[in-house]
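Colleague: dropping the sequence and predicted coords here.
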Amino acid sequence: MTLEPKEYGSDPAGARPSGKRMRRIVVSLLKGGVAKSETAVSLAFGLAARGRRVLLVDTDVQAHCSDMLGVEPERGLADLIAGWGAPERILVEARENLWLLAGGNELAALKMEIARREMASEAVLSEALEVFEGQFDYLIMDTAPGWDTLLVNALYASNSVLSPVSMEPMALSGLVRFEERLQVIQKYKPDLRLRWVVPTFVDGRVKKSAEILNQLREKYGYLVGPPIKYSVKASEAPAYGRTVFEHDPKGTAAQGYDQLTERILQDCERDAEHRARGFLKKTLALNPAPPPPGAEPAARPAVVPEPLPRLVAGQVREAGEVLPGQAGSPAREAPQPNREGFPTAPGPAPAARTEPPEETRLSRQGLIEKILEVKESASPRSKAKFSWIIERLENTGRKWTQTDLSSLDQIIDKMIRSDEPPAGQGPKPLPEKGPLPAGPGRRASGPLTARLQRKKESDNGSEDLIQAQTAGLHPGDARAAEG
């Protein structure tokens, strides 16, 4: 494809609406020197040469896109975001069907302004570019190699990512790191995808290029685009303010970018067909075709859902049980009116509360007799607790449930077991009262020793008191039992 260089004016008045949303592609990688700017400019020029209206946005402070196209715009992206000029006067028509929104040093200050924005700082660029929606077919964005606020904004403003990868190990590492960061953005923008991986600076004379190219194809498969071969002419083109198509149209680099442009056009058209097909299928499902003239519309059978049977607390469905309303179940009873006269749906009768057998039921008198049998042989502390429990059981003003009596019975059994000596041993003799034997670093007696002894005795009975409170006893009564 041979294209002669041509000069164009800077008046974007010809940017007439095309009636459809533009496809947004960001060219990015966390590695410098991989031909990002050259790829963005060549892709934008190739699309414009095929009759597509293209907007090229430079988000880099180096402004390489302006140098490669040989233009010197007075305004750029920073002026658009800051609102320092009309959008149609900020654009520069660099080639036919190709408009440029230039970068520059002003973007350095703009990054700090975006970072200080309190809400939705990642959507600043997307909001600014919304004014061009419908006026262009493609939006190509060139980015800086570092991860900054402008790169995050460029990713949020796009739906497809193209990553040029030079045939170097560090470029592969940059692609891996870029994918990790991209996954974080995809959590908040699910339609953003890595669509193309473009090998650049491919040199058939170097063995390393073939190895890295094979690794890319093994890992990314169809995402790998046509390789861009190394070309001296391509590196000379920016010095003349020309694209590779204009400087060396028959060179290997121009052929590679031409194939890449054709590949991207085919993928974008295929995506548009898939979206249209999905939209058509959804539309037909919601709005079926009307019947032919004279034909009666088919009546849809009315489906009345059967109400589910209600289950009350304590009712469990048995295996193989047929619930009311299911196949093989008996007919439902007619609804009976309630006190207000409204009919109510019949439900299963509430399950009766099951009571324990008569021989296993506990009583207050039985617990009192159980305590009296062991009270005489109990320790002094247990005797005091037993007396307190008997006093509470004899209180006829309180209603004792089976749960309360069962918990209290467990407490009594534990107190009885704590007083029993180990098997084969007699009762432990009580320690003789008197001062503790003196030793190095120990006092024979004193306030601290007495306080520690009282704390130890208090801890021994705390567990029984906690269980007594769980059984429904008042905390004040528990403290009385402790005394």
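Modeller: Everything's here; your move.
Colleague: where does the chain dip in pLDDT?
Modeller: Within the chain, the stretches with pLDDT under 70 are 1-20, 279-360, 396-397, 420-483.
Colleague: ok, 80 please
Modeller: Scanning the chain for pLDDT under 80 picks out 1-21, 117-118, 275-362, 364, 376-382, 391-392, 394-400, 404, 408, 418-483.
Colleague: what are the structural domain limits within it?
Modeller: Using automatic domain parsing, the domain parsing of the chain gives 12-280, 362-419+445-482.
Colleague: and those domains, which is most packed in?
Modeller: Comparing these by mean neighbour count (mean count of other Cβ atoms under 10 Å), domain 12-280 ranks first with a mean of 18. C-beta here means a position set from N, CA and C on the backbone, and glycine is covered the same way.
Colleague: looks like Val197 contacts Pro227 (just checking).
Modeller: No - using Cβ atoms under 8 Å, Val197 makes no contact with Pro227, being 10.5 Å away.
Colleague: what's Leu107 in contact with, if anything?
Modeller: The contact partners of Leu107, by Cβ atoms under 8 Å, 6 or more residues apart in numbering, come to 59-61, 76-78, 150.
Colleague: and the longest helix for this protein?
Modeller: helix 252-286 (DSSP state H).
Colleague: what segments of the stretch 151-300 of the chain are helices?
Modeller: Under the criterion DSSP state H, counting those that start in this stretch, the stretch 151-300 of the chain contains helices at 169-188, 207-220, 232-236, 244-247, 252-286.
Colleague: contacts only, for Ala94.
Modeller: Applying Cβ under 8 Å, 6+ apart, we find Ala94 in contact with 8, 56, 69-71, 100.
Colleague: also Leu194?
Modeller: 161, 163, 179, 182, 223 are the contacts of Leu194 under Cβ under 8 Å, 6+ apart.
Colleague: cutoff 10 Å now
Modeller: 28, 160-163, 175, 178-179, 182-183, 186, 220, 223 (Cβ atoms under 10 Å, 6 or more residues apart in numbering).
Colleague: ok, Leu223 touching Leu216?
Modeller: Yes - counting by Cβ atoms under 10 Å, Leu223 does reach Leu216; the two are 8.7 Å apart.
Colleague: mutual contacts of those two, please.
Modeller: 197-198.
Colleague: follow-up on the earlier one: so which of the contacts of Ala94 are in helices?
Modeller: Going by DSSP H, the helices hold Leu69 from the contacts of Ala94.
Colleague: in JSON lines: the contacts of Ala94, plus distance to Gln255.
Modeller: What follows is the contacts of Ala94, written out as JSON lines (distance: Cβ to Cβ, whole Å):
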{"residue": "Tyr8", "distance to Gln255": "25"}
{"residue": "Leu56", "distance to Gln255": "21"}
{"residue": "Leu69", "distance to Gln255": "21"}
{"residue": "Gly70", "distance to Gln255": "22"}
{"residue": "Val71", "distance to Gln255": "26"}
{"residue": "Leu100", "distance to Gln255": "25"}
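Colleague: what is the nearest of the contacts of Ala94 to Glu373?
Modeller: The closest of those to Glu373 turns out to be Leu56 (Cβ to Cβ; 99.4 Å).
Colleague: list the contacts for the nearest residue to Val165 once chain neighbours are set aside?
Modeller: Leaving aside its sequence neighbours, Val165 sits nearest to Ala171 (Cβ to Cβ, 6 or more residues apart in numbering; 4.8 Å). Contact analysis of Ala171 by Cβ under 10 Å, 6+ apart lists 29-34, 163-165, 199-201, 212, 216.
Colleague: change it to 6 Å
Modeller: Neighbouring residues of Ala171 by Cβ atoms under 6 Å, 6 or more residues apart in numbering: 31, 34, 165.
Colleague: just the residues you listed: which are in strands?
Modeller: Val165 (DSSP state E).
Colleague: helix or strand for Arg89, which one?
Modeller: Assigned by DSSP states H and E, Arg89 belongs to helix 87-90.
Colleague: re earlier: so which of the contacts of Ala94 is the closest to Phe386?
Modeller: Proximity of the contacts of Ala94 to Phe386 was ranked by Cβ to Cβ; the top entry is Leu56 with 93.9 Å.
Colleague: could you check how far the residue nearest to the closest one when sequence neighbours are not counted is from Leu101?
Modeller: The shortest distance from Leu56 to any non-neighbouring residue, by Cβ to Cβ, 6+ apart, is to Ala44 (4.3 Å). Note on Ala44: its distance to Leu101, by Cβ to Cβ, to the nearest Å, is 11 Å.
Colleague: any common contacting residues for those two?
Modeller: By Cβ under 6 Å, 6+ apart, no residue touches both Ala44 and Leu101.
Colleague: SS state for the residue lying closest to Arg89 once chain neighbours are set aside?
Modeller: Using Cβ to Cβ, 6+ apart and skipping the chain neighbours, the partner closest in space to Arg89 is Arg75 (7.4 Å). When classified by DSSP: H, G, I helix; E, B strand; the rest coil, Arg75 comes out as coil.
Colleague: ok, Arg75 touching Val92?
Modeller: No - with contact defined as Cβ atoms under 6 Å, Arg75 does not count as touching Val92 (8.4 Å).
Colleague: so what's the nearest residue to Leu175 once chain neighbours are set aside up against?
Modeller: Nearest residue to Leu175 in three dimensions, chain neighbours excluded: Val165, at 5.5 Å (Cβ to Cβ, 6+ apart). By Cβ under 6 Å, 6+ apart, the contact set of Val165 is 171, 175, 197, 199.
Colleague: got the CA coordinates for the strand or helix carrying Ile416 in PDB?
Modeller: Secondary-structure assignment from DSSP H and E places Ile416 in helix 402-419. The C-alpha coordinates for helix 402-419 follow below in PDB (Å, rounded to 0.1, in the frame of the first residue of the first chain):
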ATOM      1  CA  GLN A 402     -38.000 -29.200  83.900                       C
ATOM      2  CA  THR A 403     -35.000 -27.500  82.200                       C
ATOM      3  CA  ASP A 404     -34.200 -25.500  85.400                       C
ATOM      4  CA  LEU A 405     -34.500 -28.600  87.500                       C
ATOM      5  CA  SER A 406     -32.300 -30.600  85.100                       C
ATOM      6  CA  SER A 407     -29.500 -28.000  85.100                       C
ATOM      7  CA  LEU A 408     -29.700 -27.800  88.900                       C
ATOM      8  CA  ASP A 409     -29.500 -31.600  89.100                       C
ATOM      9  CA  GLN A 410     -26.300 -31.600  87.100                       C
ATOM     10  CA  ILE A 411     -24.800 -28.900  89.400                       C
ATOM     11  CA  ILE A 412     -25.600 -31.100  92.500                       C
ATOM     12  CA  ASP A 413     -24.000 -34.200  90.900                       C
ATOM     13  CA  LYS A 414     -20.900 -32.200  90.200                       C
ATOM     14  CA  MET A 415     -20.700 -30.900  93.700                       C
ATOM     15  CA  ILE A 416     -21.100 -34.500  95.000                       C
ATOM     16  CA  ARG A 417     -18.300 -35.800  92.800                       C
ATOM     17  CA  SER A 418     -15.900 -33.000  93.800                       C
ATOM     18  CA  ASP A 419     -16.300 -34.100  97.500                       C
END
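Colleague: skipping its backbone neighbours, what lies nearest Leu29 in space?
Modeller: Counting by Cβ to Cβ, 6+ apart, Leu29 lies nearest to Ser163, which is 4.7 Å off, once chain neighbours are set aside.
Colleague: hmm, I was thinking of Arg52
Modeller: Asp137 (4.3 Å).
Colleague: shouldn't the one you found be in contact with Arg50?
Modeller: No - contact criterion Cβ under 6 Å: Asp137 and Arg50 do not qualify, at 9.9 Å.
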